[in-house]
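Engineer: Got a sequence here, can you build the structure:
(chains A and B)
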Amino acid sequence: MAYTTLADDLKELHHPKTWVGKYVWSQDHKVIAVQYMLTAVAIGLVALVLSDLMRLQIGFPGSVGFITPEAYYQMITMHGMIMVIYLLTALLLGGFGNYLIPLMLGARDMVFPFVNMMSYWVYLLSVLVLVSSFFVPGGPTGAGWTLYPPQAILPGTPGRDWGIILMLASLAIFIIAFTMGGLNYVTTVLQARTRGMTMMRMPLSVWGIFIATILALLAFPALFVGAVMMMLDRVLGTSFFMPALVSQGQLLGYRGGSPILFQHLFWFFGHPEVYIVALPAFGIVSDLLSVHARKNIFGYRMMVWAIVIIGGLSFVVWAHHMYVSGMNPYFGFFFATSTLIIAVPTAIKVYNWVLTLWRGNIHFTVPMLFAIAFIFTFINGGLTGLFLGNVSVDVPLSGTYFVVAHFHMVMGVSPILVIFGAIYHWYPKITGRMWNERLGNIHFWFTFIGTYAIYFPMHYLGFLGMPRRYYEYGKTAFIPDSAHTLNAFITVAALIVGVSQLIFFYNLIWSYFYGPKASSNPWRATTLEWQTPDTPAAHGNWGPKLPVVYRWAYDYSVPGAPEDFIPQNVPADGASRHHQT
Amino acid sequence: MGIFQKLTEKSWLVSDRVSAEDDDSVVISAAPTGLRLYFAVATVMFLLVAAMYLMRMGVGHVGYGLDWRPTPKPWLLWANTVLLILSSVEFQRARVAARRKQVERMTSDLLIAGLLAFAFLAGQLTVWQQLVDRGYFLASNPANSFFYLITTLHGVHILGGLVAWSRTALKVWNGIEMAKIELSVNLCAMYWHFLLAVWLAFFYLLLAT
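Structural biologist: Numbers count the residues shown, from 1 in each chain, chains lettered A, B, ... in the order given. Purely as a prediction, here's the structure:
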């Protein structure tokens, strides 16, 4: 297959001259990446505040006056949807995907820069539509982030009038935005790699983002179809998902629809979504570990294959989210089996991360701390996944806090730790400045220990049978007083973690203006993004001539080499240059 | 080099080969690849709609689908199908003409192709009108709901294609360089063949159920 094609076209680059052209209507992938990141983080902060408000209600019921039961469910819904889609997906693919793919592959930009720009602006529109639902009569939807019908669109559910409509519209708009971006990322990987950058010389960050984007392109249509059909049910009275039912004493016009159909659509999207978030994190963390342990990644090919296999398997496990929906037990058997099989390639990755560290020259930099913390957290979340993947264990646990603990560990905290690590790692390249190490360390320990203080006890609450989704527990025989005390503890921990993020933002903003100037390759890394002529990289990335790649991305501590890293664009030495290998 | 060889490359071995396929071919644009990827995305979407259609109908199930009453298929649908086939054929002819640099033939083929697509859309809207006149409303039966949903999703794709078509026509009008026009015509033709295949599949599904 042809590649290296658009990479060095002879067209002159038109550099934007105005401030607006440079930073607002920009077609430069690096600016679009930062736009994506800032928007995603901004809306993510809203979700963070919502989670702390919910914790206040759980830990200290009634302490915050405006948290009514309706408001509580609206907070749950918005927190979940924002975190999963508008923060994690947008930040990892729209943010890091945009920034890293062209730079790591030696391209000047994405292959369709205009479409790339549109992708961001349509994404921003979807965020604005979502935010607007806070201000409409009735407020945002309180249907839960899974938006299950029939309850999602029935009278009595908070936000039934406008909230749910805006939510479905926002999701559809987001999917259009993502598709524009995603087609760009995949095509760029396939066709704009610089000379010498074979697929197997790509850094694992790009592999993770590449496969995750393919998953997202194939999974989001399911959510799109589900959102459109539910919108029709809600607005025009069709009965795709809505059975005949009596609501508040009135027989509604719906007939014969099946809520299970929506669940299938939702989880056909929803399970790959876990890996849409996890695979970029897997890829990025592999690179962080390798750079900061000064050692090549262990089992590179196996790491690539594992990413591909996990991606493929993620499409045949969706119904493990539906064990309690009353489905055929044989289905449950099939989906439990496929779910447990995913543990194999995932375990390969975990072993390889650990083996990369083994006898490495480990530098406990802030990105490395986050990367190692990810390994711990991901193993924790992954092991509870083995519990919940089994039907007979899942059925009693699925309504409890055990599930909350599991998915927050595995797809909340784990990818967020990688995102923090990645931001610290690439910040010097993005801004040209270095952050404050002491503040970075403080932020790390607050976040790492704090999240464990939040989610570890929840496993225990789950075993006690404490139901999730409840607004208030009151006096019940099966929930001991100690559980309430534990809930108060979790809330305090959540508040501390929430507030400690201010350290992170202070560090980034302060360093942007006053941090020491960063050198072009502060981590002494091999990958191409650190070899740009300018820091931060200029428009067009590479100056007049594109880099040529001669080696893989992991030549660290090569015996006999003068330094402990050899960048990808350094030719092989004379001895091997004249011999075919 | 096959995909298997690509994925088994031992990239940690330093070789003096810059790459296996040094400059072996130059592709002018990545757009065909991007469009093919989009076909994959759209195929998933349409397949899911078809799956929902069959599941809601109750194929292989007991339970739901008891309220399913097939929507009548007016003969006009056949005529629309023929229009869309002709539109696709004309795009193909325009593509061939563009490759042979026969600008005038290409222009006329392109024009006819677009007009046929507009005629298809008008025909689909007429079918809607006929169904509404006979009392087959969107919400009165799940089969109707799916019929309107499918024709809308497909029609919106045709409409999007017509935007691309009009931009191509504008390029021809402005007389920009032939290589770019050829690329645009090529993309339009690919897109139309894809939408024709989608429509034929759905038409079969509608007729068979």
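
Engineer: what's near enough to touch the spatially most central residue of chain B?
Structural biologist: The centroid of chain B falls nearest to B:L195 when counting by C-alpha atoms, centre = their mean (2.0 Å). B:L195 sits next to B:84, B:154, B:157-158, B:161 when contact means C-beta atoms under 8 Å, 6 or more residues apart in numbering or on different chains. (Glycine included, C-beta is placed from N, CA and C.)

Engineer: Among these, pick out the one closest to B:M55, please.
Structural biologist: Taking C-beta to C-beta as the measure, B:M55 lies nearest B:H154 of these, at 19.8 Å.

Engineer: which SS class is that closest one?
Structural biologist: Secondary structure, DSSP: H, G, I helix; E, B strand; the rest coil: B:H154 is helix.

Engineer: if we can go back for a sec, which stretch of helix or strand covers the residue nearest to the centre of chain B?
Structural biologist: In the assignment (DSSP states H and E), B:L195 maps to helix B:178-208.

Engineer: tally of neighbours for A:H320?
Structural biologist: Neighbour count of A:H320, defined by other C-beta atoms under 10 Å in any protein chain shown: 24.

Engineer: whoops, A:K475 was the one
Structural biologist: Neighbour count for A:K475, taken as other C-beta under 10 Å: 7.

Engineer: Quick check, pLDDT for it.
Structural biologist: For A:K475, the model assigns a pLDDT of 82.

Engineer: sorry, back to before: mean confidence score for the helix holding B:L195?
Structural biologist: For helix B:178-208, the mean pLDDT works out to 95.

Engineer: buried ones in that helix?
Structural biologist: By neighbour count on 16 or more other C-beta atoms under 10 Å in any protein chain shown, the buried set for helix B:178-208 is B:181-196, B:198-199, B:202-203, B:206.

Engineer: what does stretch A:43-50 give?
Structural biologist: For stretch A:43-50, a neighbour-count test (16+ other C-beta under 10 Å) marks A:43-44, A:46-48, A:50 as buried.

Engineer: and these, which of them are in helices?
Structural biologist: Counting by DSSP state H, the buried residues of stretch A:43-50 place A:43-44, A:46-48, A:50 in helices.

Engineer: and A:G196, how many residues sit next to it?
Structural biologist: With other C-beta under 10 Å as criterion, A:G196 counts 22.

Engineer: SS state for it?
Structural biologist: The local conformation at A:G196, judged by three-state DSSP, is coil.

Engineer: Now residue 114: closest residue in space that isn't a chain neighbour?
Structural biologist: Since you didn't name a chain, this refers to chain A. Once flanking residues are discounted, A:F114 sits nearest to A:Q27: 6.0 Å by C-beta to C-beta, 6 or more residues apart in numbering or on different chains.

Engineer: actually it's chain B I care about, not the one you picked
Structural biologist: Here the residue nearest B:G114, using C-beta to C-beta, 6+ apart, is B:W165, at 4.9 Å.

Engineer: ok, which stretches of chain B are helices?
Structural biologist: Shown for chain B, the helices assigned by DSSP H span residues B:3-7, B:31-57, B:76-99, B:103-133, B:142-174, B:178-208.

Engineer: can I get those helices in TSV with distance to A:T365?
Structural biologist: TSV is the format used below for the helices of chain B (distance: least, C-beta to C-beta, whole Å):
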stretch	distance to A:T365
helix B:3-7	32
helix B:31-57	37
helix B:76-99	56
helix B:103-133	58
helix B:142-174	48
helix B:178-208	47
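
Engineer: nearest to A:A219, of the ones you listed?
Structural biologist: helix B:31-57 (8.2 Å).

Engineer: and that closest one with chain A, contact?
Structural biologist: Yes. Applying C-beta under 8 Å from any C-beta of the partner chain, one finds helix B:31-57 touching chain A at B:31, B:33-34, B:37-38, B:40-42, B:44-45, B:48-49, B:52, B:55-56.
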